[in-house]
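Enquirer: build the 3D model from these lines:
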Amino acid sequence: MRRHRNVKIVATLGPASSDYDTIRALHEAGADVFRLNMSHGEHADIAERHRIIRQIEEDTGSPIAILADLQGPKLRVGTFARGEEELIEGAAFRLDLDDAEGDAARVNLPHPEIFAALEPGADLLVNDGKIRLRVRTCGPDHADCEVVAGGTISNRKGVNVPDVILPLAALSDKDRADLEFVCELGVDWLALSFVQRPEDVNEGRVLVNGRAAIMSKIEKPAAVKCFDDILAVSDGIMVARGDLGVELPVQNVPPIQKRLVRKCRAMAKPVIVATQMLESMIESPMPTRAEVSDVATAIYEGADAIMLSAESAAGDYPVEAVQTMDNVAREVEDDPTYREVIEASRRANRQTVADGIVAAAREIAETTDIKVICCYTESGTTALLTARERPKVPIIGLTSLRGTARRLALTWGVHPVMTGELTRFKMAVINAARAARAEGYAEESDQIVVTAGVPFNVPGTTNILRVAPCQESLIYATDPG
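Expert: Predicted structure coming up:
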């Protein structure tokens, strides 16, 4: 299923999108990746959605990536005797380990690890930052705070602690159970929530044991501070702007987003921009102009993918939301300014033969009449390096490994195609020409660029580039062996 755009669309599944017809409609409207949110739904629900996606993949013949998003450690206050209380600015309020129901003066916070890390002057944010508490004094079992920003606090509202690195396990018991479940199902990407340090990613990688690619969600100030180290040990990044915008001043988020996207591109690792992209479409068939501009900004920045959350999972217009993203993406990528921005942000970081091969492929494609770059890839690295160049022409990622094809469905500009194992470069060129014609990227009279590695089926050996005709008889004529 050919897309007429390069950026990919991630759609979260949920109550509004849990049956075959709706999920297929989402895919046909433009969803390349489906996100399974492990914060919601029982394992049976997740397994059924996974089954439906794989059925649609079989029915349409197009590889589809599945991203399982772990909940991560959730910090919440306890309950109140009256269900809720109104906190007044300037008032005192205590958080403690006492499990008695709360009132206007105190409430239980059943997380001793928070108290262990707190210091006077630290802020705690409750209910997505609507309430701000500043610690005046604290101990191992309590924190006496001043209400800096008041409001209604109610049962089990979430708590964010932006000023300190919390001594929390990267994965809760629920996360570990969910991780094993989805890896056994066969998801392609696993997103780790509330990553604070590279060690959190390494812990997840050991448990995944090669069964899925690891995506780190950047939603903590601590993660922003050590982002380079986190990126180095991750396969991909999600810029999760929801919690990031709670724990940091909102004006900090746009430059952080831009900086992180550029760093991911320089490292040839996929990056998703997520959260509240078309929030109004949960209830409205039309987005706001500001939302459309937000989506367009992420595309201009060169993000690999843009994501829908509640819009497609629980909204009234899930298919329309995907169609809107698709329409915006196509319009932006047709804008001459888009190419100017993308090319101006290209950073040469070429240290290997593969780097040189893909850079040459892009330059040849842009200076001659080349219709598509066809790259053979086992691990997916060659396709990722080619996508880093952000060429003007499409990229076909040819692989004999279904898992690689599925993971590449998340990568900018890459159209993944399954192919058989090869032993000769001539057959690689012929198969590439066949794929280019079959997928609608080229005709017999056209030329294509083919990159591959010899010996075949060995990751990291990209060392050949050829400009080839798309007509098989000409391929045989120019390479009779």
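
Enquirer: so what are the domain limits for this structure?
Expert: Here the domain assignment for the chain is 8-72+168-335, 84-160, 353-478, based on automatic domain parsing.

Enquirer: got phi/psi on the residue lying closest to Glu301 once chain neighbours are set aside?
Expert: Of all residues not flanking Glu301 in the chain, Val261 sits nearest, at 4.7 Å (C-beta to C-beta, 6 or more residues apart in numbering). The way it works is simple: take the backbone N, C-alpha and C, and place the C-beta from them, glycine included. Here is the backbone geometry of Val261 (degrees, to the nearest 10): phi -60, psi -40.

Enquirer: Val261 reaches Tyr300, doesn't it?
Expert: No. With contact defined as C-beta atoms under 8 Å, Val261 does not count as touching Tyr300 (10.0 Å).

Enquirer: follow-up on the earlier one: of the domains of the chain, which is nearest Ile342?
Expert: domain 353-478 (4.8 Å; C-beta to C-beta).

Enquirer: still on that earlier bit, kindly reformat the domains of the chain as TSV containing mean neighbour count.
Expert: Formatted as TSV, the domains of the chain follow (neighbours: other C-beta atoms under 10 Å):
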stretch	mean neighbour count
domain 8-72+168-335	20
domain 84-160	17
domain 353-478	20
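
Enquirer: select, out of the ones you listed, the one closest to Arg2.
Expert: Among the domains of the chain, the nearest to Arg2 by C-beta to C-beta is domain 353-478 (5.3 Å).

Enquirer: end to end, how far does that closest one reach?
Expert: Domain 353-478 has an end-to-end distance of 25 Å (criterion: C-alpha to C-alpha, to the nearest Å).

Enquirer: switch the domains of the chain over to CSV; also include mean pLDDT and distance to Arg347.
Expert: Below are those laid out as CSV (pLDDT from 0 to 100; distance: least, C-beta to C-beta, whole Å):
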stretch, mean pLDDT, distance to Arg347
domain 8-72+168-335, 96, 5
domain 84-160, 95, 33
domain 353-478, 92, 9
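
Enquirer: now the helices for the stretch 251-400 of the chain?
Expert: For the stretch 251-400 of the chain, helices defined by DSSP state H, counting those that start in this stretch occupy the ranges 253-266, 289-301, 310-313, 318-333, 336-344, 353-367, 381-388.

Enquirer: same question, the stretch 51-200 of the chain
Expert: 112-117, 173-185, 198-208.

Enquirer: export the second one as CSV, just CAs?
Expert: Once non-C-alpha atoms are left out, helix 173-185 reads as follows in CSV (Å, rounded to 0.1, in the frame of the first residue of the first chain):
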residue,chain,number,x,y,z
ASP,A,173,5.7,-5.4,38.2
LYS,A,174,2.9,-4.7,35.8
ASP,A,175,5.3,-3.4,33.2
ARG,A,176,7.4,-6.6,33.5
ALA,A,177,4.3,-8.8,33.0
ASP,A,178,3.1,-6.6,30.1
LEU,A,179,6.5,-6.7,28.5
GLU,A,180,6.7,-10.5,28.5
PHE,A,181,3.1,-10.7,27.2
VAL,A,182,3.5,-8.4,24.2
CYS,A,183,6.9,-9.8,23.3
GLU,A,184,5.4,-13.2,23.2
LEU,A,185,2.6,-11.9,21.1
